[in-house]
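**Student:** dropping the sequence and predicted coords here.
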Amino acid sequence: MINKMDIEKHLTTDFVGRNIECHESIESTNIRAKEVAMLADEGTVIIAEEQTMGRGRLGRSWMSPKGKGLWFSIILKPYLDPGKISKITLIGAAAVHKALKELGITSHIKWPNDVVVEGKKVCGILTEMVLQDENSYYVIMGIGINANLDKGDFHDELKDKATSLKIIKGAEIDRSRLLACVLNNFEKLYIPFKEKEDISETIKISRENSILLNREVRIIKDNVERTGRTIDLDQEGRLIVEFENGKIEAILSGEVSVRGMEGYVDN
Ligand code: BT5
């Protein structure tokens, strides 16, 4: 069981993770975070041992078995133009990448919201915006990390595309330490963004560790599917893609499949 004291031992942050709400079992930490966001301090973290209705993007489900993962949400109040919120997901992914590196695990970032190890997903991020009134909103960033799941914990559908840190390392992961590490790295990258809209360090980490650059990809956005080649990630965190028709576009969000990964093998 994760407890606050174990997490606090490893925290070096000013505000992220300084308030933590722990649940044994909950529908979704994002749902709970939305309920308490208005009165909560920025940086409050909601964590659960188990989620019974863990969610991914577009209403997909997120498997969150009890005691095996890190399922948590951070409440943020950045007071920025809502159009810039997708960058927070990139900051989260960069923070997870850095935390895994501190544990000796090499990971790659799959723009915009996944972290993969050995080509398989170990972490997914769901960032949601909650409008308070016309002029203000909160951001809930939910992060799911497959820490100590065993092979048998994955449904058949996920066996080939997902893995856990325990499977990779061959040993249990200290979840409290990992959580503190993610929060420490997140705050360092988030403060320049909140104060100066500076995400240069996040972009640098994402570029250097991206699994997507210079790859043939299939991109689904607004139900339209197109294939192309990824060229770069720009300073705004947009994926630059050259599509089959030769047109180059900067994509802010979308669903990307890489040829040769996760079942995308057609010619
Ligand atoms: C995501 O969505 O990857 C975002 C996942 C966010 C989960 C966190 S946990 C804490 C917080 N509370 C929540 O309720 N959610 C957040 P997406 O890119 O749409 O990927 C979803 C897809 O990933 C599913 O359709 C499955 O194919 C796959 N998937 C589900 N559970 C998984 C797991 N534990 N590990 C790896 N892949 C998984």
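**Tutor:** Alright, I've got the coordinates. Residues are numbered from 1 along each chain as shown.
**Student:** enumerate the residues of the stretch 1-150 of the chain near the ligand.
**Tutor:** By CB under 6 Å from any ligand atom, the part of the stretch 1-150 of the chain that sits against the ligand consists of 28-30, 51, 54-58, 60, 62-64, 71-73, 113-114, 121, 124-126, 142-144, 146. C-beta coordinates here come from the backbone N, C-alpha and C atoms, glycine included.
**Student:** where strands are concerned, which of those count?
**Tutor:** Judged by DSSP state E, strands contain the following of those: Gln51, Trp71, Phe72, Ser73, Asp114, Lys121, Gly124, Ile125, Leu126, Gly142, Ile143, Gly144.
**Student:** save the residues you listed as JSON lines, and put in pLDDT and neighbour count too.
**Tutor:** Output for those, formatted as JSON lines (pLDDT from 0 to 100; neighbours: other CB atoms under 10 Å):
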{"residue": "Gln51", "pLDDT": "98", "neighbour count": "27"}
{"residue": "Trp71", "pLDDT": "98", "neighbour count": "28"}
{"residue": "Phe72", "pLDDT": "98", "neighbour count": "28"}
{"residue": "Ser73", "pLDDT": "98", "neighbour count": "27"}
{"residue": "Asp114", "pLDDT": "96", "neighbour count": "22"}
{"residue": "Lys121", "pLDDT": "96", "neighbour count": "19"}
{"residue": "Gly124", "pLDDT": "98", "neighbour count": "23"}
{"residue": "Ile125", "pLDDT": "98", "neighbour count": "23"}
{"residue": "Leu126", "pLDDT": "97", "neighbour count": "23"}
{"residue": "Gly142", "pLDDT": "98", "neighbour count": "25"}
{"residue": "Ile143", "pLDDT": "98", "neighbour count": "29"}
{"residue": "Gly144", "pLDDT": "98", "neighbour count": "25"}
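**Student:** pretty sure Ile46 belongs to a strand, no?
**Tutor:** Yes. Assessed by DSSP: H, G, I helix; E, B strand; the rest coil, Ile46 belongs to a strand.
**Student:** what bridges to it?
**Tutor:** Glu21, Ser73 (DSSP bridges).
**Student:** would you enumerate the residues in contact with it?
**Tutor:** Contact analysis of Ile46 by CB atoms under 8 Å, 6 or more residues apart in numbering lists Ile20, Glu21, His23, Ile26, Thr29, Arg32, Ala33, Val36, Phe72, Ser73, Ile75.
**Student:** ditto for Glu42
**Tutor:** Phe15, Ile75, Leu76, Lys77.
**Student:** run the last query once more with 6 Å
**Tutor:** Residues counted as contacts of Glu42 (CB atoms under 6 Å, 6 or more residues apart in numbering) are Leu76, Lys77.
**Student:** check Leu212 too.
**Tutor:** By CB under 6 Å, 6+ apart, the neighbours of Leu212 are Trp111, Thr230.
**Student:** on the three-state scheme, it is what?
**Tutor:** coil.
**Student:** the nearest residue to Lys166 once chain neighbours are set aside and the ligand, how far apart?
**Tutor:** Of all residues not flanking Lys166 in the chain, Asn148 sits nearest, at 4.5 Å (CB to CB, 6 or more residues apart in numbering). Distance, Asn148 to the ligand, by CB to the nearest ligand atom, to the nearest Å: 12 Å.
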